[in-house]
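J.: Generate coordinates for the sequence data below:
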Amino acid sequence: MVMQNMLAEMNPDLAAMETETRKRLAAGLYRPDGDVVLPDDMYKHVHVPACHLCGGILKPDVVFFGANLSPENTAKSMALAEEADGLLVVGTTLTVWSSFRIVKNVAARHAKNVLIINRGETRGDSLVSASQRVHAPCSPVLAAAFL
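T.: Numbering: from 1, shown residues only. Reported below is the predicted structural model:
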């Protein structure tokens, strides 16, 4: 069964939560990092499915705030960034050291082009020139860039 289906089955109020989140997005209720402002208790009772193999919590293949990249992913990310012609940083404050370190390495050691698009301030703002920093919501900027 697909994780989204399991989540929906275990959380009958999920559709209502999504509707509320979309309303808040439409109303422009954003935090400086681009996250939508939600009530603290909105997701308190969400049930997350367990892994059918180990019983652990299923989660997407992302790094959550406060977590670390694995050494393998760190090395792979750094190598890919070093090989690239430039780096596009979208919708992050770069507060997490793992992501900031990659941007810092690319901007400083390799003098490559780094473009940061984020609504609020980022930890990487001092690493780029004003022309490489877009202070705006990410979705409209990206949509305009690819029209």
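
J.: Now find how far off-centre the helix or strand hosting V103 is within its chain.
T.: Element membership for V103, per DSSP states H and E: helix 97-104. Mean C-alpha position of helix 97-104 versus that of the full chain (Cα atoms, centre = their mean, to the nearest Å) differs by 13 Å.

J.: repeat for stretch 80-91
T.: The answer for stretch 80-91 is 15 Å, by Cα atoms, centre = their mean.

J.: so how far is the first residue of that stretch from its last?
T.: 20 Å (Cα to Cα, to the nearest Å).

J.: Need the residues that contact it.
T.: Contacts to stretch 80-91, defined as Cβ atoms under 8 Å, 6 or more residues apart in numbering, come from residues 33-34, 99, 102-103, 105-107, 110, 112-118, 122, 124, 138, 142. For glycine as for every other residue, the C-beta is placed from the backbone atoms N, C-alpha and C.

J.: what ranges do the strands span in this protein?
T.: 86-90, 113-118, 133-135 (DSSP state E).

J.: Which elements pack onto the last one?
T.: Helices and strands touching strand 133-135, as assessed by 3 or more Cβ pairs under 8 Å, 6 or more residues apart in numbering; DSSP states H and E, comprise strand 113-118.

J.: what about T74, how many residues close to it?
T.: Counted with other Cβ atoms under 10 Å, residues neighbouring T74 total 14.

J.: likewise L14?
T.: Neighbourhood size, L14 [other Cβ under 10 Å]: 16.

J.: Ok, V36 next?
T.: Around V36 there are 16 residues (other Cβ under 10 Å).

J.: Wait, it touches L29, no?
T.: Yes - counting by Cβ atoms under 8 Å, V36 does reach L29; the two are 6.0 Å apart.

J.: Poorly predicted segments of this protein, please.
T.: 1, 32-34, 61, 63-66, 111, 147 (pLDDT under 70).

J.: Pick the most buried one from the strands of the chain.
T.: Across the strands of the chain, the average number of neighbours (mean count of other Cβ atoms under 10 Å) peaks for strand 113-118, which reaches a mean of 20.

J.: Centre of the chain to that strand, how far?
T.: 14 Å.

J.: Can you show me the helices along this structure?
T.: 3-10, 14-26, 71-83, 97-104, 138-145 (DSSP state H).

J.: No further questions, thank you.
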